[in-house]
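Visitor: fold the stuff below for me.
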Amino acid sequence: MTEIERPDASRYGSFVARTQLLSADDVQRALRRIAHEVLERNSHDEELVIIGLQTGGVAFAKRLAQELQHIGENSVAVGALDVAFYRDDLSLNPLRDATTTSIPVDLNGRTVVLVDDVLFTGRTIRAALNALAEWGRPTSIQLVVMVDRGHRELPIRPDFVGKNLPTSHHEAILATLEGVWIGSEEKA
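Guide: Here you go, the predicted model:
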């Protein structure tokens, strides 16, 4: 097994990869396909803003915005959202260090495309929806995830998915621009 360190190992622990499921080229193709789907779903007069969830969704959000700009030739605002203070599991897990929230434009009347790396129980997305409500009232919020691994605990469904990868509860997924791996998470 290969051990892959996440950017802040003290925050997440170590991920021990068992198998690489998607290569960097596969991830890029999925993001290009998602960009086309986002543009097909949204009319050209809508003002899109792409917001990545800290920390896993930010890199995907930036790359998706690049793809959208390349295809549509329009500038797309990109931001980052930290949902740490909106989580419903603070009593079970200590509060992690907060990361930066950066919303570059007024969300009122815009279409927000929320981007995350992996969708599992849906609780992070619920927290993100609560956090976004403090930044304005978008016309709509659409969800992009690179990997949907199932096991939803809340009625949340992504609008755009890079890859559906059913997993067991004890498995973990690491999704980055360099690829997607399945393995296990070892807490620090």
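
Visitor: what's around the closest residue to H44 other than its chain neighbours, how many residues?
Guide: For H44, the nearest residue in space outside its immediate sequence neighbours is G72; the separation is 7.4 Å by Cβ to Cβ, 6 or more residues apart in numbering. Where you see a C-beta, it was placed from the backbone N, CA and C, and this is true even at glycine. G72 is surrounded by 16 other residues when neighbours are defined as other Cβ atoms under 10 Å.

Visitor: my guess is G72 contacts H36, does it?
Guide: No. With contacts counted by Cβ atoms under 8 Å, G72 stays clear of H36, the gap being 9.7 Å.

Visitor: now L68: how far from E40?
Guide: Here the criterion is Cβ to Cβ, to the nearest Å. By it, L68 lies 12 Å from E40.

Visitor: looking at these two, which is more packed in?
Guide: Shown here are L68 and E40; by other Cβ under 10 Å, L68 has more neighbours (24 against 8).

Visitor: relative to N74, how far out is the more buried one?
Guide: L68 is 8 Å from N74, where distance means Cβ to Cβ.

Visitor: ok, T101 next?
Guide: 24 Å.

Visitor: equivalent analysis for S43, please.
Guide: To N74, S43 is 12 Å away according to Cβ to Cβ.

Visitor: and the strand or helix carrying V49, what's its mean pLDDT?
Guide: If you go by DSSP states H and E, V49 is part of strand 48-53. Regarding strand 48-53, the rounded mean pLDDT is 97.

Visitor: now it - C-alpha only, CSV.
Guide: Coordinates of each C-alpha in strand 48-53 appear next as CSV, following Å, rounded to 0.1, in the frame of the first residue of the first chain:
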residue,chain,number,x,y,z
LEU,A,48,-22.2,31.9,-12.4
VAL,A,49,-20.0,31.9,-9.4
ILE,A,50,-18.0,28.8,-8.6
ILE,A,51,-17.4,28.2,-4.9
GLY,A,52,-15.1,25.4,-3.7
LEU,A,53,-15.5,23.9,-0.3
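
Visitor: chain center to it, what's the gap?
Guide: Taking the mean C-alpha point of strand 48-53 and that of its whole chain, the gap between them comes to 9 Å (Cα atoms, centre = their mean, to the nearest Å).

Visitor: helices of the protein, residue ranges please.
Guide: Across the chain, reading from the start of the chain, the helices by DSSP state H fall at 9-12, 24-41, 56-72, 123-133.

Visitor: save those as TSV, and put in distance to V105 and mean pLDDT too.
Guide: Supplementary listing: the helices of the chain in TSV, determined by distance: least, Cβ to Cβ, whole Å; pLDDT from 0 to 100:
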stretch	distance to V105	mean pLDDT
helix 9-12	28	43
helix 24-41	17	97
helix 56-72	12	95
helix 123-133	13	95
